[in-house]
Structures are given as structure tokens and as C-alpha cells.
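Asks: Sequence first, predicted model second:
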Amino acid sequence: MRVIVVGGGVVGTMHAWQAVERGHEVVQIEREAEARGASLRNFGQIWVSGRAGGEELETALRARELWERIGAEVPGLGFRAIGSLTPVRNAREHAVAEAAAARPDAAARGYELVTAEQARKINPALRGSFEAALWCERDAAVEPRTAQLHLREALRASGRYTFLPGREVREVVAAGAVRDDHGDVHRGDAVVLATGAWLSGLVRELVPDLPVRRVRLQMMQTAPLGEALTTSVADADSFRYYPAYKSDALDALDAEQAQAPVAAAHKMQLLMVQRRDGGLTIGDTHEYEHPFAFDTLEDPYEHLTGVVESFLGRPLPKIRHRWAGVYAQCTDTTRVVHRQQVADGVWLVTGPGGRGMTCSPAIAETTANELGW
């Protein structure tokens, strides 16, 4: 079988991985010289802890298994089974963490409510003030800026993989065949459009009423911390954002403890992961209304800096990079992904909504199974 994958991000690359692993030939087409979207502009978190139950959790847990397996084959991914900690500072936040640890699926997620002393043993860099933390053993991390490069190197070694950058696919010309903006036609037994947040052009022509929206966020990267941050770290605002934390305790938190004004205005949470070079990736905000602003705003960065410094008990290293990114999210946010046959032999896979890095191996595996690869 010959598979054409359109899109060089992590969802597209994982579809290429599944096809090659099953013995097929793959041509992967990317409109930029390299993928430049959400697959690079993210935390690199394999984030099981906050996922909704049912299909979403099952997908995240399966993806976590696949990431670890692929990470063993491709060391350059930088796969690290580091877990996560969410420190809590008062009785309301503590109650939400306690409710999460009491969920029926808490063991599958690796949840454990730990004391501040236990949290500091797990992550000694957390020297700031908090009273307890929710530990999630199943969370992990990879290096998002280089993951696709190393995955492609491994795919090339199969002898059944070709990467074609700098080509925008413009047209479906026949069953399993597309034409790019160079005029070249690429024919296969199946075409997968994994175009991420690029929802215009061909995608709009094929699916004018696509139930997917775009979401913009801001993030930043620091100079090396100078010590190991042995887990990823979230704050209690993440309880408000992720469906796994829904409970009466969360309702009470929302009713009785407002977010800081800046955090509320920008729909913020803290997520933080250390990169291999020692720097910290920190975010994020959420913007849903179009048209998106073209500039980044300083207030969210100042807020995040204060939250991080309060957990670390020390000044944040110098900020080296600030950026904004856009990802695609199903308008029905309970859906893991939008997967649709849009023409004869052509399927669109998009809209994982901030779960792309976490869930992409399992999303691609499901596509491969459903298409009979």
C-alpha cells in the first residue's frame, strides 16, 4: 500500500509512522520547509492527568504507551517519564485535588495526593510555599521542537518513506490522488490530510462546514534553570481548564475563589516543563475569538512569572523566547479528533484541540485500524 500524508506536524508524522511500521510506503508532504505550527509550539507534554474519562482517557493512555515504545526506538525524541505535580495552596484547591485522587480511574492516571514535603522529595526545585500537591505518575515529556526531525530520520531508515517539504497540496484530482502547487500529482491507496490548524484552502473546499475552530495561545522559554525540574508543574488554575477535575469541589472553587484578573481575562493556567537544555517552557493563555491579535501581550507573561517564582522560591531565569501559536480544536470539545472521509480515498484528521502532542500516536493508530492499513 502507498499512503500520502499531507502535513508535517506530529499528527501527520505519526500517521506516517503507523503506515511505515505496518510495511507500507509513505510520501509525506509539508507546505513549509519544516512544520512550524502547534507541533513545535507546545510544551512537549504527554499529558494524561487532566483528560476526560472514557474515550479521551483511553486514547491518552494508549498514546502514552506508544510514546514510550517509540521513544525507546528513537532516543532523539527525548522521551522522559517524569510525571507531573500540581501544587495547591489552600483548602479549596486541596479539596479539588482530593476529589481527583478519589476518582474511580485515579489509579489508571497515576494520581496521588501528596504532602508538600513529599512533593519536594519528588521535585526538589519546588522550594516555594504550598500545602500539598496532586502527583500524576503517568505524565511524560518529549522535545517538541526536534521530535519530527528525529521521527523522520527513523522513517527514512526504513527505505519506504519520502518527505517533500515546500509543497502545498491544492487539489484532489482522483481517488487517492492530490496535486500540489508545483503541479505534481501524488497517487496512493489512501491520502490523509493532517493539516493541523491550516483549515483554509483545500480543507475549506472539501468541508465548508468543518466543526473545528482555531485557538491561539502565548508561551515562553527561559534560559537554563541551573538545576533539574524533575517533573512538569501545573497550578490550580489548570483544575478549571481540564475535564478530569470536574467535581463539587471544583464548583466550590469556581464560586468562592476567583482567578487573578489577568488569568481570568486570558483564560490562563500554568503549565511548565523543563527542556533538555535546562530551560523552562512556560504557558499558557487561550484566545478563541477571531480575528486573533497579531502581537503578544506582556501581562500574561508577568502573571506566569509570578506564579512560577512562588513555586520555585527563586527568581525565574531570563526569558529567551516568547511566542504565540494556534491549534485546531473540535467545536464539540468532548471529541478527541475530527476524522472524516472527504473524498474517494481521502480522509481528513484534525481538531485534537491541545491534545495533539499527547494523543497523536493513538489517533494515528486508530486511523490505520479503521482504514485497514
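Replies: The structure has been received and is ready for your questions.
Asks: what bits of the stretch 101-250 of the chain have low per-residue confidence?
Replies: Low-confidence segments of the stretch 101-250 of the chain, defined by pLDDT under 70: none present.
Asks: can you give me the helices for the stretch 51-200 of the chain?
Replies: 55-73, 91-101, 106-109, 116-122, 147-156 (DSSP state H, counting those that start in this stretch).
Asks: out of the ones you listed, nearest to Thr358?
Replies: The stretch from these with the least distance to Thr358 (CB to CB) is helix 55-73; that distance is 5.6 Å. For the C-beta atoms, the positions are set from N, CA and C on the backbone; glycine is no exception.
Asks: about what we covered before: export the helices of the stretch 51-200 of the chain to JSON lines and tack on distance to Leu316 and mean neighbour count?
Replies: Supplementary listing: the helices of the stretch 51-200 of the chain in JSON lines, determined by distance: least, CB to CB, whole Å; neighbours: other CB atoms under 10 Å:
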{"stretch": "helix 55-73", "distance to Leu316": "28", "mean neighbour count": "18"}
{"stretch": "helix 91-101", "distance to Leu316": "22", "mean neighbour count": "20"}
{"stretch": "helix 106-109", "distance to Leu316": "29", "mean neighbour count": "17"}
{"stretch": "helix 116-122", "distance to Leu316": "19", "mean neighbour count": "16"}
{"stretch": "helix 147-156", "distance to Leu316": "25", "mean neighbour count": "19"}
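Asks: what about the spatially closest residue to Met220 that is not a sequence neighbour, helix or strand, and which?
Replies: Distance criterion CB to CB, 6 or more residues apart in numbering; nearest residue to Met220, sequence neighbours excluded, is Arg322 at 4.8 Å. Following DSSP states H and E, one finds Arg322 within strand 319-330.
Asks: That strand: which residues count as buried?
Replies: Burial within strand 319-330, assessed by neighbour count using 16 or more other CB atoms under 10 Å, is assigned to Ala324, Gly325, Val326, Tyr327, Ala328, Gln329, Cys330.
Asks: and that strand, how far out from the chain's middle?
Replies: Here the centre of mass of C-alpha atoms in strand 319-330, compared against the chain's by CA atoms, centre = their mean, to the nearest Å, lies 11 Å away.
Asks: That's all I had, so thanks and see you.
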